[in-house]
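In: no FASTA, just this:
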C-alpha cells in the first residue's frame, strides 16, 4: 500500500488488510477521520508488516531532539570528575565552558544536553503515521472483535506501533519466542488490564505500554534487559511492579506519574535508574536501591510525596539533580560510601528530613542540594568534601550546628542564608573563602571562629546576624591580610 494512498478520505469507515500486505506507506491512511474498524486476517503476518516512514523526517538511531541547559560548577570542585558523572547520567557535554555574571558574580557553566534517541515530535509521528490502527478505534481478526489478543508462535518481534491505541483489547498473551516489543507497540490501549511479558523478551521499547489507563498488572519475564523510555508512563491503575534481576536499565520516565504505584521491587541487576523514572508516584512508600545501581537519574523519585523510607546501598556513584526533591515524608538519609557528588537540588524541599550523613567519598555538594529542608537538624559532611555549592543549606531553619571540614576551600554564596536556628558553626583550618551572604540572616548565631587560612570574606557574609557577639581569630597578621569584598566579585 503506497504512501498517501487513502490520505484524507474521510468517508472510509473500515478497512481489511490481507495477510499478503508486506508494507504500508507513509501516511497511507492519514486524515481518514471516519475510520473506525481495522480487520486483519493473520496476527503473525500483521507483526511482519513494515510501516514505512518519511526518510526526510525519520531520525531513529540518532539524535531526534536535544534539550540544552546549563549546570553551574562550584569553583573548587573537580570539573573533570563532574563531567564524568554527568556523562554517566546520559548527558552529552559540549567541549567548551562559558561564564556569565549572575547577581554580579562570574559563574562558570557547562552546556549539557540529553538526547531522545527514539522519541520527540518527529520520531513519534513516524512510528504510527503508516498504521491505520492509529486512526481507527477497533481491531478485528477475521471479522471477530478482539478482546484477548494472542501473539502467536513464529513472531520474533512486535513492531513499532503495531497495536497503537486499540480500544477493545483487554488482555495480551505473547508467545515465548518474541524477543522485543517495539516502541509504542501498545500505546494508548485504554482497556488493556493486564500484560504478561515472556522470558524470551529482552527489549521493551519506548512508550510500549504508555497511556494505558486501566493497565493493572504487568508480569515482566526474566529475560528483559532494558525497560524503554516511558514504557509504562501514565498507567494510573498499575499498583505494583517487580523488576527482574535481568534488567540492567530502567529508562527515562519509565513509570512516571503512576499515582497508584505503591510497591516497586528492583532486581539486583539494575545499574541505571533513568531520569524521572518514578517521578510523581504519589503512593510509593518505600524503595530499596540494590547495590548494583550505579546512578539515579535526575528527578528519578522527585515528588513521591509519601515516600518515607529510602535505602541506598554501596555501589551507587551518582545521585542526579532533583532525584529526591519534594519528598516530604522521609526523615533520614544515609549516603553510601562510593557516592562522590550530590548534584543540584538532589534533596531540596524534603520538609521532614531530619538527619543526613555523608561518607568521606563525597567530594562535592551541588547548588541548593538541601535547600528548604526545614526540619534538617543534623548533618555530617564527612572528611572528603572539597566543594559546597550555592544555597546548599539555604532555608534549613532547624539546623543548629555544623562543622565544615578544612578540605572545603570555599563556603559559597548564600550557603547558610536564612538559617535562623543555627547557633554554632565550626570552620576548620583550610577554608580560604567565605562567600557573599554566606551566613546572612543567621539570627541565632552568637559566635564564629575564623581560621587563619581564610583570605577572603564576601560582601554581606554576616549581614543581619543580629545576635553575633564574638569573633575569634588565631593570627592577627593573617587577619590583616584578609580581603573584605565590597563589590559583587569573586
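Out: Alright, I've got the coordinates. Predicted model only: the values in this text are computed from it and were never measured.
In: quick one: the helices in this structure?
Out: Counting by DSSP state H, one finds helices in the chain at the ranges 43-46, 79-88, 120-128, 476-480.
In: Report the buried residues of the last one.
Out: Think helix 476-480. By neighbour count on 16 or more other Cβ atoms under 10 Å, the buried set for helix 476-480 is empty. For glycine as for every other residue, the C-beta is placed from the backbone atoms N, C-alpha and C.
In: For the stretch 251-400 of the chain, which segments count as strands?
Out: Assignment of strands within the stretch 251-400 of the chain using DSSP state E, counting those that start in this stretch yields the ranges 263-265, 272-273, 286-288, 295-296, 309-311, 318-319, 332-334, 341-342, 355-357, 364-365, 378-380, 387-388.
In: gap between stretch 434-450 and the chain center?
Out: Using Cα atoms, centre = their mean, to the nearest Å, the mean C-alpha position of stretch 434-450 is found 35 Å from that of the whole chain.
In: tell me how far stretch 274-292 is from the chain's mean position?
Out: Here stretch 274-292 is found 10 Å from its chain centre; the criterion is Cα atoms, centre = their mean.
In: End to end on that stretch, go ahead and measure it.
Out: End-to-end distance for stretch 274-292: 14 Å, by Cα to Cα, to the nearest Å.
In: pLDDT averaged over it - what is it?
Out: What stretch 274-292 shows for mean pLDDT is 96.
In: Any chance of TSV for the strands of the stretch 251-400 of the chain, columns mean neighbour count and distance to residue 245?
Out: Shown next, in TSV, are those (neighbours: other Cβ atoms under 10 Å; distance: least, Cβ to Cβ, whole Å):
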stretch	mean neighbour count	distance to residue 245
strand 263-265	15	10
strand 272-273	25	15
strand 286-288	16	14
strand 295-296	23	18
strand 309-311	14	17
strand 318-319	26	22
strand 332-334	17	24
strand 341-342	26	28
strand 355-357	17	29
strand 364-365	26	32
strand 378-380	17	33
strand 387-388	26	36
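In: give the contact list for the closest residue to residue 173 other than its chain neighbours.
Out: Once flanking residues are discounted, residue 173 sits nearest to residue 150: 4.8 Å by Cβ to Cβ, 6 or more residues apart in numbering. Residues near residue 150 by Cβ atoms under 8 Å, 6 or more residues apart in numbering: 43, 173, 175.
In: per-residue confidence for residue 150?
Out: With respect to pLDDT, residue 150 has a value of 94.
In: Would you quantify the distance from it to residue 188?
Out: 20 Å (Cβ to Cβ, to the nearest Å).
In: For the buried ones among the contacts of residue 150, write the corresponding PyMOL selection.
Out: Restricted to buried positions by 16+ other Cβ under 10 Å, the PyMOL selection for the contacts of residue 150 reads:
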select buried, resi 43
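In: Between the contacts of residue 150, which sits nearest residue 255?
Out: For those, the residue nearest residue 255 by Cβ to Cβ is residue 173; the value is 22.9 Å.
In: wouldn't that closest one be in contact with residue 196 here?
Out: Yes. Counting by Cβ atoms under 8 Å, residue 173 touches residue 196, with 6.6 Å between them.
In: Around residue 407, how many other residues sit close by?
Out: Neighbourhood size, residue 407 [other Cβ atoms under 10 Å]: 18.
In: where does the stretch 351-490 of the chain dip in pLDDT?
Out: 486-490 (pLDDT under 70).
In: rerun that using 80 as the cut-off
Out: Low-confidence segments of the stretch 351-490 of the chain (pLDDT under 80): 485-490.
In: rewinding a little: export the strands of the stretch 251-400 of the chain to CSV and append columns for distance to residue 8.
Out: Shown next, in CSV, are those (distance: least, Cβ to Cβ, whole Å):
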stretch, distance to residue 8
strand 263-265, 45
strand 272-273, 44
strand 286-288, 49
strand 295-296, 47
strand 309-311, 53
strand 318-319, 50
strand 332-334, 57
strand 341-342, 54
strand 355-357, 60
strand 364-365, 57
strand 378-380, 64
strand 387-388, 60
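In: closest to residue 420 out of the ones you listed?
Out: Nearest to residue 420 among these is strand 378-380; the distance by Cβ to Cβ comes to 16.3 Å.
In: So which elements touch the closest one?
Out: strand 355-357 (3 or more Cβ pairs under 8 Å, 6 or more residues apart in numbering; DSSP states H and E).
In: same for the strand it packs on, what does it pack against?
Out: strand 332-334, strand 378-380.
In: Show me what the last one pairs with in its sheet, parallel or antiparallel.
Out: To tie it back to what came earlier, the one meant is strand 378-380. Sheet pairing here is set by DSSP bridges, and for strand 378-380 it gives strand 355-357 (parallel).
In: any idea how far the partner strand is from the chain center?
Out: How far strand 355-357 lies from its chain's middle: 23 Å, per Cα atoms, centre = their mean.
In: Kindly report the same for stretch 288-305.
Out: With Cα atoms, centre = their mean, you get 8 Å for stretch 288-305.
In: how about stretch 152-159: buried residues?
Out: 155, 157-159.
In: you'd agree residue 350 is up against residue 331?
Out: No. If you go by Cβ under 8 Å, residue 350 and residue 331 don't touch, sitting 9.0 Å apart.
In: who's more crowded, those two?
Out: More neighbours surround residue 350 than the other of residue 350 and residue 331, with 26 against 13 (other Cβ under 10 Å).
In: tell me the contacts of that one?
Out: 324-328, 330, 370, 373.
In: which one among the residues you listed gets closest to residue 316?
Out: Nearest to residue 316 among the contacts of residue 350, with distances taken as Cβ to Cβ, is residue 324, at 12.5 Å.
In: since we're on the closest one, how many residues are nearby?
Out: Residue 324, neighbours per other Cβ under 10 Å, totals 27.
In: number of nearby residues for residue 47?
Out: 21.
In: distance of it from residue 19?
Out: From residue 47 to residue 19 the distance is 11 Å (Cβ to Cβ).
In: which residues of the stretch 201-350 of the chain score low on pLDDT?
Out: By pLDDT under 80, the stretch 201-350 of the chain contains no weakly predicted segment.
In: measure the nearest residue to residue 337 once chain neighbours are set aside to residue 405 for me?
Out: Of all residues not flanking residue 337 in the chain, residue 359 sits nearest, at 4.1 Å (Cβ to Cβ, 6+ apart). Per Cβ to Cβ, residue 359 is found 13 Å from residue 405.
In: Common neighbours of the two, please.
Out: residue 382.
In: Settle this for me: residue 197 is touching residue 220, isn't it.
Out: Yes. The pair residue 197 / residue 220 is scored as a contact, 5.1 Å apart, by Cβ under 8 Å.
In: hey, what's in contact with both of these two?
Out: Common neighbours of residue 197 and residue 220 (Cβ under 8 Å, 6+ apart) are residue 204.
In: what residues are up against the spatially closest residue to residue 381 that is not a sequence neighbour?
Out: Nearest residue to residue 381 in three dimensions, chain neighbours excluded: residue 358, at 5.5 Å (Cβ to Cβ, 6+ apart). By Cβ under 8 Å, 6+ apart, the contact set of residue 358 is 335, 342, 365, 379-382, 385.
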